[in-house]
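Trainee: turn this into a structure:
(4 chains)
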Number of protein chains: 2
Amino acid sequence: MNRRPTINDIARLARVSKKTVSRVINQSPLVRDDTRERINAIIAETGFVPDPQARGLAFRRSFLVGMIYDNPNPQYVVNMQAGLLDGMRGSGFELVVHPCNRQSPTFLSDVRDFVERLKLFGVVLPPSASEDERLPPIFDELDCAYVRIASVAMDDPEAMVVTNDHVGGIVAARHLVELGHRRVGHISGPPTFRSAHERKRGFAQELAAHDVKLLSKNVAEGAYSFESGIACAEKLLARTPRITGIFCGNDEMAAGVLYAARKAGISVPRELSVVGYDDFQVAARVWPPLTTVCTPTREVGRIAADQLLRSVGDAHGVRYDPQAILPTLVVRESTGPAPKDA
Amino acid sequence: MNRRPTINDIARLARVSKKTVSRVINQSPLVRDDTRERINAIIAETGFVPDPQARGLAFRRSFLVGMIYDNPNPQYVVNMQAGLLDGMRGSGFELVVHPCNRQSPTFLSDVRDFVERLKLFGVVLPPSASEDERLPPIFDELDCAYVRIASVAMDDPEAMVVTNDHVGGIVAARHLVELGHRRVGHISGPPTFRSAHERKRGFAQELAAHDVKLLSKNVAEGAYSFESGIACAEKLLARTPRITGIFCGNDEMAAGVLYAARKAGISVPRELSVVGYDDFQVAARVWPPLTTVCTPTREVGRIAADQLLRSVGDAHGVRYDPQAILPTLVVRESTGPAPKDA
DNA sequence: CTGAAAGCGCTTACAG
DNA sequence: CTGAAAGCGCTTACAG
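Mentor: Model (predicted):
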């Protein structure tokens, strides 16, 4: 036949009612085994795929998953999308992207409208949208599943994927301490990102464990941007005695530190070791290539999609292990032994 | 009322049939003005929005637009998505992302299945998916609109947005010539990208117009990747007499050239001027910051969405001006006067 | 210019 | 275990 087969075609071919075909599609146990097999054979043979729009209309729910994000980093966004798609492949669900601005006065109504109009099955929220506590009640009200991706648990385990960013801070601290650094600094992300807090917390905690103090005069608050990295570095690198190692909340700010250090004639890593966070492409492009902390963002996305679709699908019964996602250190050339004379 | 109003609610409130409401929704002229106004008032009052799934089912076509791409650059992908969303805002259409691999044996059937299953209204194809001539016949057959984004026209004007990449090559050449460079080189993208050819063509053409020859020994074929930029630069920078200026097919490869030049002890821009292409974030992060060619990708995306939705919507009747999109040069610190002794 | 009937391709609610 | 009827919220095809 020329057009795509419908449930009616399958029913006719299998000499059953469309309702029985519907049962097979929806994996209802209320179908005799031989009936099911016959129908499945015909489905396979004809290449029948139920129309998601028709199904959605009847279900009062679409087969679409929204990614709602205000994350400004392209690499993060693309990695996350790829991961979500990995987890959704073969499920019949599709990904609708929805960048947004949390500062907008219409933010909440925009999100509500988006979810309601498309009757979304579920949404995935990366940081910092994931950290907005005004959102979950909206999804609950609209009966839309959600998974929040955040640096720390802040909701039911079913609705979370946690990236344990404090561990990233710990790993960075350990690396600098092992290289002999004792006067260290930190440029944090903006306080509106929970990750900024977590990364700093882990860093300070692990330093303390090695009797290294993170002096407040050696800490600056950046904005996760290249420019803010430059500005903070200019401030911190002017202090004496100068720090010999610095951990930045992300690669963008670390790139800014490299920029500022070069302008100030400070050699990296001979006089200053720099650690970033993210391991995005830029990390390997700057000079010197950045030692940085790597979160497996694509894998995080895959897990988030799995979590979201856990209710449907036949497999995926198990919840993921929250400890499975741990930031790791990627050592490149921006870190080295603390200067002897320090 | 608690639930969202439907067409039946509006019809009842307006004391007309749902068919008349439907006519108003679809902007049919066959409605008396006062009837239309009364209905529109009620629609506005109730906040009625027609259910896209129900509409789609009846129309046999969804309100979804697919972005089908195999472009590996995250920044490009995100800029393009943002532009498409700009153009789709308020239209009721949504964007479904579909990364793919043109080399996969199932590529064509994957695309067909995606379009057919979702009954996509249309698709947007950035490079290099846009350059695959096997795709348009599939979209035509499935009655799915499409817009191809490419460096050069290769389809009906309605189905194209052209980025005129040869102009980028021209601009790069002019810049190097004006700085006094006469021994110049080029690292091209892979031949599977039409843009690689166009950028090189424009570059060579404008050099020739200034009596500067692009010697084939000073041209290398890269893969649009950082690593390929390094490899090509190592080859080209070993030749004597050495080139004093180089134009790279994209920023990634230009970053590779900076890397290789540093390793080889060649000072940029004193001994070597480097021009990139794209003006992605990395361009301003490397050292020295890259002079590069900038295509307004987000704007290109907006135009592509406009083109695609031109048939619907009340405005947007006019086609875009193909000359509107022109690459421009962004001058930073990686280019300077040709060395005196050259 | 307007509407009643039928239908898009599915599922729910109810029977049996 | 299976099915006939009604319905999801719209539009098409046909009348008038």
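
Trainee: residue farthest from the centroid of chain A?
Mentor: The C-alpha centroid of chain A is most remote from A:R15, which lies 47.9 Å away (C-alpha atoms, centre = their mean).

Trainee: ok, now which ones touch the residue of the stretch 201-342 of chain A found nearest DNA strand C?
Mentor: Residue of the stretch 201-342 of chain A nearest DNA strand C, by C-beta to the nearest atom of the strand: A:V312 (11.7 Å). For glycine as for every other residue, the C-beta is placed from the backbone atoms N, C-alpha and C. The contact partners of A:V312, taken as C-beta atoms under 8 Å, 6 or more residues apart in numbering or on different chains, are A:S91.

Trainee: not counting sequence-adjacent ones, nearest residue to A:A196?
Mentor: Nearest in space to A:A196, with sequence neighbours left out and distances taken as C-beta to C-beta, 6 or more residues apart in numbering or on different chains, is A:G189 at 3.1 Å.

Trainee: and that neighbour, how many neighbours?
Mentor: A:G189: 28 surrounding residues under other C-beta atoms under 10 Å in any protein chain shown.

Trainee: any idea how far chain B is from it?
Mentor: 17 Å (C-beta to the nearest C-beta, to the nearest Å).

Trainee: can you confirm the residue of the stretch 201-342 of chain A closest to DNA strand C is in a strand?
Mentor: No - A:V312: not assigned to a strand; according to DSSP: H, G, I helix; E, B strand; the rest coil it is coil.

Trainee: if we can go back for a sec, which phi and psi does the residue farthest from the centre of chain A have?
Mentor: Torsion angles at A:R15 (phi, psi; degrees, to the nearest 10) stand at phi 60, psi 40.

Trainee: ok so, going back, give me the pLDDT for the residue nearest to A:A196.
Mentor: If you check A:G189, the pLDDT there is 97.

Trainee: that one contacts A:G222, correct?
Mentor: Yes - contact criterion C-beta atoms under 8 Å: A:G189 and A:G222 qualify, at 6.4 Å.

Trainee: overlap in contacts, the two.
Mentor: Contacts common to A:G189 and A:G222, judged by C-beta under 8 Å, 6+ apart, are A:249, A:253.

Trainee: could you give the residue of the stretch 151-300 of chain A that lies closest to DNA strand C?
Mentor: A:E158 (21.5 Å).

Trainee: secondary structure element for the nearest residue in space to that residue that is not next to it in sequence?
Mentor: Spatially, and ignoring its direct neighbours in sequence, A:E158 is nearest to A:Q307 (6.7 Å; C-beta to C-beta, 6+ apart). Here A:Q307, judged by DSSP states H and E, is contained in helix A:297-309.

Trainee: then that helix to PDB, C-alphas only?
Mentor: Below are the C-alpha coordinates for helix A:297-309, written out as PDB (Å, rounded to 0.1, in the frame of the first residue of the first chain):
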ATOM      1  CA  THR A 297      27.600  15.800  30.500                       C
ATOM      2  CA  ARG A 298      26.400  13.700  27.600                       C
ATOM      3  CA  GLU A 299      26.300  10.700  29.900                       C
ATOM      4  CA  VAL A 300      24.400  12.800  32.500                       C
ATOM      5  CA  GLY A 301      21.900  13.600  29.700                       C
ATOM      6  CA  ARG A 302      21.400  10.000  28.800                       C
ATOM      7  CA  ILE A 303      20.700   9.100  32.400                       C
ATOM      8  CA  ALA A 304      18.300  12.000  32.700                       C
ATOM      9  CA  ALA A 305      16.300  10.700  29.700                       C
ATOM     10  CA  ASP A 306      16.400   7.200  31.100                       C
ATOM     11  CA  GLN A 307      15.000   8.500  34.400                       C
ATOM     12  CA  LEU A 308      12.300  10.500  32.600                       C
ATOM     13  CA  LEU A 309      11.200   7.600  30.500                       C
END
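
Trainee: and it, how far out from the chain's middle?
Mentor: Computed by C-alpha atoms, centre = their mean, to the nearest Å, the chain-centroid distance of helix A:297-309 equals 9 Å.

Trainee: helices and strands around that helix, which ones?
Mentor: Packed against helix A:297-309 by the contact rule (3 or more C-beta pairs under 8 Å, 6 or more residues apart in numbering or on different chains; DSSP states H and E) you find helix A:74-88, strand A:122-125, strand A:145-150, strand A:160-162.

Trainee: show me what the very next helix or strand once past it is packed against.
Mentor: Counting by DSSP H and E, the next helix or strand C-terminal to helix A:297-309 is strand A:328-330. For strand A:328-330, the packing partners by 3+ C-beta pairs under 8 Å, 6+ apart come out as helix A:165-178, strand A:291-294.

Trainee: confirm that A:I68 sits in a strand.
Mentor: Yes - if the criterion is three-state DSSP, then A:I68 is within a strand.

Trainee: close to DNA strand D: what parts of chain A are there?
Mentor: A:15-17, A:19-20, A:23, A:29-33, A:35-36, A:54, A:57-58, A:60 (C-beta under 7 Å from any atom of the strand).

Trainee: for ChimeraX, what selects the buried ones among the residues you listed?
Mentor: ChimeraX command restricting these to the buried ones, with burial defined by 16 or more other C-beta atoms under 10 Å in any protein chain shown:
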select /A:16,20,23,31,35,36,57
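
Trainee: inside helices: which ones of the residues of chain A next to DNA strand D?
Mentor: A:19-20, A:23, A:33, A:35-36, A:54, A:57-58 (DSSP state H).

Trainee: from B:K200, how far out is A:A173?
Mentor: 48 Å (C-beta to C-beta, to the nearest Å).

Trainee: should've said A:L290
Mentor: Applying C-beta to C-beta to A:L290 and B:K200 gives a distance of 32 Å.

Trainee: the two: which is more packed in?
Mentor: More crowded of A:L290 and B:K200, by other C-beta under 10 Å: A:L290, with 31 against 22.

Trainee: dump the residue contacts of the more buried one.
Mentor: A:251, A:254-255, A:258, A:274-276, A:282-284, A:332, A:334.

Trainee: can you rerun that using 7 Å?
Mentor: Going by C-beta atoms under 7 Å, 6 or more residues apart in numbering or on different chains, A:L290 touches A:251, A:254, A:274, A:276, A:283, A:332, A:334.

Trainee: and what of A:P296?
Mentor: Contacts of A:P296 (C-beta under 7 Å, 6+ apart): A:I325.

Trainee: how about low-confidence regions in the stretch 201-342 of chain A?
Mentor: Residue ranges of the stretch 201-342 of chain A with pLDDT under 70: A:313-320, A:322-323, A:341-342.

Trainee: can you name the residue of the stretch 101-250 of chain A nearest DNA strand D?
Mentor: Residue nearest to DNA strand D within the stretch 101-250 of chain A: A:K119 (9.2 Å; C-beta to the nearest atom of the strand).

Trainee: tell me if I'm right that that residue and A:F63 touch.
Mentor: No - the criterion here is C-beta atoms under 7 Å, and A:K119 misses it with A:F63 at 9.6 Å.

Trainee: what is in contact with those two at once?
Mentor: What both A:K119 and A:F63 touch, as defined by C-beta under 7 Å, 6+ apart, is the set A:G56.

Trainee: strands of the stretch 201-342 of chain A, start to end?
Mentor: Taking DSSP state E, counting those that start in this stretch as the test, the strands found in the stretch 201-342 of chain A are A:219-221, A:245-248, A:273-277, A:291-294, A:328-330.

Trainee: show me what the third one pairs with in its sheet, parallel or antiparallel.
Mentor: For strand A:273-277, the pairing partners within the sheet under DSSP bridges are strand A:245-248 (parallel), strand A:291-294 (parallel).

Trainee: what does the last one give?
Mentor: Strands adjacent to strand A:328-330 in the sheet, as given by DSSP bridges, are strand A:291-294 (antiparallel).

Trainee: on that earlier part again, could I get the strands of the stretch 201-342 of chain A as a markdown table with mean neighbour count and distance to A:P136?
Mentor: Below are the strands of the stretch 201-342 of chain A laid out as a markdown table (neighbours: other C-beta atoms under 10 Å in any protein chain shown; distance: least, C-beta to C-beta, whole Å):
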| stretch | mean neighbour count | distance to A:P136 |
| --- | --- | --- |
| strand A:219-221 | 18 | 28 |
| strand A:245-248 | 32 | 31 |
| strand A:273-277 | 30 | 27 |
| strand A:291-294 | 26 | 28 |
| strand A:328-330 | 16 | 30 |
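
Trainee: thank you kindly, that will do.
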